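Q: what follows is a protein structure lacking sequence information:
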């Protein structure tokens, strides 16, 4: 049995890079905590993933743009999105302080 | 794309049964929100699952007993546990009001 807290070990202030911790990694599933402190997807780039991703904002806030949509999706604490494989998307904003904590399930 | 909030549609007071919503269901993964308002595993019973389960307390608080352990595991907001298949466990307490919101990933 492994255990931990998604809210432990967070940076006290904004830092240069996102932090990704793999919490579980099995044949068909990978569960990660990602901590963002203001990072966004670089201008003009899109995530285009071979796997489905289910993503949750555990703490903080973020905005996501789905390709083809007219506006961003606002994500507050508790909000989740299921992004099918090859649903192109970008992170357009993340709350820096206190940090934004994501839970991502890739499958 | 599907989206929602883990914190929406919660009961205002304790209710008789747990509420389970399936948020994503793929060949090898099932993601569920479970809302508990005081429910526990019946005395003498254990969960004994064929799949691995990764479980997170999103809101509220709970206690979990792993078979063979001397004491309960206290779970607060943000706490997670990876329960391998056939790791027998029981829920010994859940906060009723406000409700306890779990995220469970079965894989």
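A: Structure received. Owing to the predicted nature of the structure, the values given are computational and were not obtained by experimental measurement.
Q: tally of neighbours for the closest residue in space to residue A:107 that isn't next to it in sequence?
A: Nearest residue to residue A:107 in three dimensions, chain neighbours excluded: residue B:29, at 4.2 Å (CB to CB, 6 or more residues apart in numbering or on different chains). (Each C-beta comes from the backbone N, C-alpha and C, glycine too.) Neighbours of residue B:29 under the rule other CB atoms under 10 Å in any protein chain shown: 20.
Q: pretty sure residue B:29 is touching residue B:105, no?
A: Yes. Using CB atoms under 8 Å as the test, residue B:29 is close enough to residue B:105 to be in contact (6.6 Å).
Q: so how far is residue B:42 from residue A:81?
A: Note on residue A:81: its distance to residue B:42, by CB to CB, to the nearest Å, is 36 Å.
Q: looking at the two, which is more packed in?
A: For residue A:81 and residue B:42, the more surrounded residue by other CB under 10 Å is residue A:81, and the numbers stand at 19 against 8.
Q: what residues does chain A have near chain B?
A: Chain A has residues A:1-8, A:23-24, A:26-29, A:31, A:52, A:54, A:56, A:58-59, A:66, A:73, A:76-84, A:87, A:101, A:103, A:105, A:107 near chain B, with proximity defined as CB under 8 Å from any CB of the partner chain.
Q: now do the shared contacts for residue B:29 and residue B:105.
A: With contacts taken as CB atoms under 8 Å, 6 or more residues apart in numbering or on different chains, residue B:29 and residue B:105 have A:29, A:105 as neighbours in common.
Q: only the buried subset of the residues of chain A next to chain B, as a ChimeraX command please.
A: In ChimeraX, this line selects whichever of the residues of chain A next to chain B come out buried by 16 or more other CB atoms under 10 Å in any protein chain shown:
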select /A:4,5,6,7,23,24,29,31,52,54,56,58,59,66,73,77,78,79,80,81,82,83,87,101,103,105,107
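Q: returning to that earlier point: ok, the residue nearest to residue A:107 - contacts?
A: Residues near residue B:29 by CB under 8 Å, 6+ apart: A:28, A:29, A:105, A:107, B:105, B:106, B:107.
Q: for chain A, what spans make up the strands?
A: A:2-5, A:19-25, A:30-36, A:53-59, A:62-66, A:73-75, A:79-83, A:89-94, A:100-106 (DSSP state E).
Q: wait, residue A:52 sits on residue A:104?
A: No. Assessed by CB under 8 Å, residue A:52 is found out of contact with residue A:104, at 10.9 Å.
Q: in JSON lines, list the strands of chain A along with mean pLDDT.
A: JSON lines is the format used below for the strands of chain A (pLDDT from 0 to 100):
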{"stretch": "strand A:2-5", "mean pLDDT": "95"}
{"stretch": "strand A:19-25", "mean pLDDT": "96"}
{"stretch": "strand A:30-36", "mean pLDDT": "97"}
{"stretch": "strand A:53-59", "mean pLDDT": "98"}
{"stretch": "strand A:62-66", "mean pLDDT": "97"}
{"stretch": "strand A:73-75", "mean pLDDT": "97"}
{"stretch": "strand A:79-83", "mean pLDDT": "97"}
{"stretch": "strand A:89-94", "mean pLDDT": "98"}
{"stretch": "strand A:100-106", "mean pLDDT": "97"}
